[in-house]
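K.L.:
Here's a sequence, model it:
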Amino acid sequence: MAKRPESESFIDMFGKFGRDLKLPNVDVEAILAYHARNLEALEKSARASAAGASALLSRQREMLQDTLREITHMAQSYRAPGNPQEMMQKQAAFARKSFETALKNAGEMAELARASGTESIEILRSRIKEAMEEIRAGDDKR
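P.N.:
Below you'll find the model as predicted:
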């Protein structure tokens, strides 16, 4: 599989955008320098969200493979000769196991999504807190 090229950072994208606008009397580099940490936090948060989404999709794929394996096993066991009562017991056991697995998987997916969202928000929350402290420090200097 070919390796994807690294995408531009938010700072690089905004810098290029500002330079391409060619507005007079606007120091794009100074603006970017002033907001660099904000943009870096935004980029880090986006990467954390993307990593969380990737982990979520990967785990869903694993769960689907497990489910398909279980269905295959169940279908093969139906072919074995048995009395109707035994078949009903197998069906009931499979239905119970399927329901329990679905509940467990739903809980795991919810936890993965929560953890991913929490990490992303914590990155932004931390930067907002730092920015507020910077503003307060600036007010104290007046």
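K.L.:
for the helix ranked longest in the chain, packing partners?
P.N.:
In the chain, ranked by residue count with DSSP state H as the criterion, the top helix is helix 84-140. On a contact count with 3 or more CB pairs under 8 Å, 6 or more residues apart in numbering; DSSP states H and E, helix 84-140 meets helix 28-79. To be clear about C-beta, it is placed using only N, CA and C from the backbone, and glycine gets the same treatment.
K.L.:
And the average pLDDT for the helix it packs on is what?
P.N.:
What helix 28-79 shows for mean pLDDT is 86.
K.L.:
Okay, angle between that helix and helix 84-140 too, please.
P.N.:
Taking axes from the mean of the first three to the mean of the last three CA atoms, to 10 degrees, one finds that helix 28-79 is oriented at 170 degrees with respect to helix 84-140.
K.L.:
Tell me how far stretch 48-61 lies from the chain's centre.
P.N.:
Computed by CA atoms, centre = their mean, to the nearest Å, the chain-centroid distance of stretch 48-61 equals 5 Å.
K.L.:
no wait, stretch 31-46
P.N.:
Using CA atoms, centre = their mean, the offset of stretch 31-46 from its chain centre is 20 Å.
K.L.:
number of nearby residues for M13?
P.N.:
A count of neighbours around M13, defined by other CB atoms under 10 Å, yields 13.
K.L.:
now the farthest one out in this protein, which residue is it?
P.N.:
Distance to the chain centre peaks in the chain at N83, reaching 48.2 Å (criterion: CA atoms, centre = their mean).
K.L.:
List the residues that contact it.
P.N.:
Listed by CB atoms under 8 Å, 6 or more residues apart in numbering, N83 has no contact partners.
K.L.:
if I look at it, how far off is K90?
P.N.:
Here the criterion is CB to CB, to the nearest Å. By it, N83 lies 11 Å from K90.
K.L.:
again, but for D12
P.N.:
In terms of CB to CB, D12 sits 60 Å off from K90.
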